[in-house]
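> predicted model and sequence follow; I will ask about them next.
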Amino acid sequence: MAAGLLPWFWFALDGRTMFSFYAAPAVPFLVLAVVYVLGALIAPDGGDVGEVARLVPGDPSYERRLVGSIAAGAYVLLVAVCFAYFYPIFVGRVIPYSDWLSRMWLDGRWI
């Protein structure tokens, strides 16, 4: 994954125009990796992601699973907030130039 995505950052720092649609074939694998890591955070000790276990106080893995659940929930919430922030750009909604410019996080290198 790193070998496929890290060169993009190298060329972007060089000032070259980057076309992100070339990275589209890596997106399904990135999503699978994120889901696997989130599942591993929530899984009971032993790392069996498929095992269904209850989050019961007093269980030895209770605290670890609670922290993992909070971290996974915070990550999903952060992704949802980021999506909501960029939603006008995704759907092509007309917004003021200042709002559009605030959503361009790459410092206007490609504009």
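Sure thing, it's come through.

> low-confidence stretches in this structure?
By pLDDT under 70, the low-scoring segments of the chain are 1, 45-56, 60, 106-111.

> tell me which element the spatially most central residue of the chain is part of?
Of all residues in the chain, the one closest to the mean position by Cα atoms, centre = their mean is residue 79, 6.0 Å from it. For residue 79, the host element (DSSP states H and E) is helix 62-91.

> off-centre distance for that helix?
In terms of Cα atoms, centre = their mean, to the nearest Å, the centre of helix 62-91 is set 8 Å apart from its chain centre.

> what's the answer for stretch 84-92, then?
For stretch 84-92, the distance from its own C-alpha centre to the chain's C-alpha centre is 16 Å (Cα atoms, centre = their mean).

> contacts for it next, please.
Applying Cβ atoms under 8 Å, 6 or more residues apart in numbering, the external contacts of stretch 84-92 come out as 83, 93, 95, 99-100, 103. Glycine gets a C-beta too; all of them are placed from N, C-alpha and C.

> which ones among these are found in helices?
Residues of those located in helices (DSSP state H): 83, 99-100.

> quick check, nearest of those to residue 33?
residue 83 (18.7 Å; Cβ to Cβ).

> leaving out chain neighbours, which residue sits closest to the closest one?
residue 90 (7.8 Å; Cβ to Cβ, 6 or more residues apart in numbering).

> hmm, back to that, quick one: which of the ones in helices among the contacts of stretch 84-92 has the most company?
residue 100 (13 neighbours; other Cβ atoms under 10 Å).

> and it, how close does it get to residue 94?
Distance, residue 100 to residue 94, by Cβ to Cβ, to the nearest Å: 9 Å.

> now do residue 43
Residue 43 is 45 Å from residue 94, by Cβ to Cβ.

> these two: who's more crowded?
Neighbours were tallied for residue 43 and for residue 94 using other Cβ under 10 Å; the higher tally belongs to residue 43 (19 against 6).

> which one of the ones in helices among the contacts of stretch 84-92 sits closest to residue 74?
Distances from residue 74 to those, taken as Cβ to Cβ, are shortest for residue 83 (15.0 Å).

> nothing else from me, thank you.
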